[in-house]
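[1] quick one, what's the 3D model for this:
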Amino acid sequence: MVVAIVLLKVERKRVNEIAEVLSEVGGVAEVYSVSGRYDLVTIIRSKDNEALSDVVTNHMLKVDGIVDSETMLAFRGFSRHDLESMFSIGA
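    Numbers count the residues shown, from 1 in each chain. Next comes the predicted model:
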């Protein structure tokens, strides 16, 4: 599985609207409104790089109101939440 984090700058008055549209795009697992230089962070989970490319270039970046983006590929995931839930099975 390929995981990507996409940072987005969007038209300020349309943050919620654009977040809702993005959350309906296949492959987009999560969308967060955030503080800082970017307005939205999306987490994409896809089967391979080709599927990731399709989600980002053919779907996400065609959403009207996105001003700028930066895409980062995740190499490895570390999550205390995931580890704790894995070891608490049956507890």
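
[2] what ranges do the helices span in the chain?
    Ranges of helices within the chain are 15-23, 49-53, 80-87, based on DSSP state H.

[3] elements contacting the first one?
    Packing partners of helix 15-23 (3 or more C-beta pairs under 8 Å, 6 or more residues apart in numbering; DSSP states H and E): strand 28-33, strand 40-46. (C-beta placed from N, C-alpha, C; glycine too.)

[4] so what touches stretch 24-44?
    Stretch 24-44 has contacts (C-beta atoms under 8 Å, 6 or more residues apart in numbering) with 2-10, 12, 15-16, 18-19, 22-23, 45-46, 51-52, 54-56, 59-60, 63, 70.

[5] residue 79: which of the helices and strands packed on helix 15-23 is closest?
    strand 40-46 (12.0 Å; C-beta to C-beta).

[6] which of the residues in the closest one are buried?
    40, 41, 42, 44, 45, 46 (16 or more other C-beta atoms under 10 Å).
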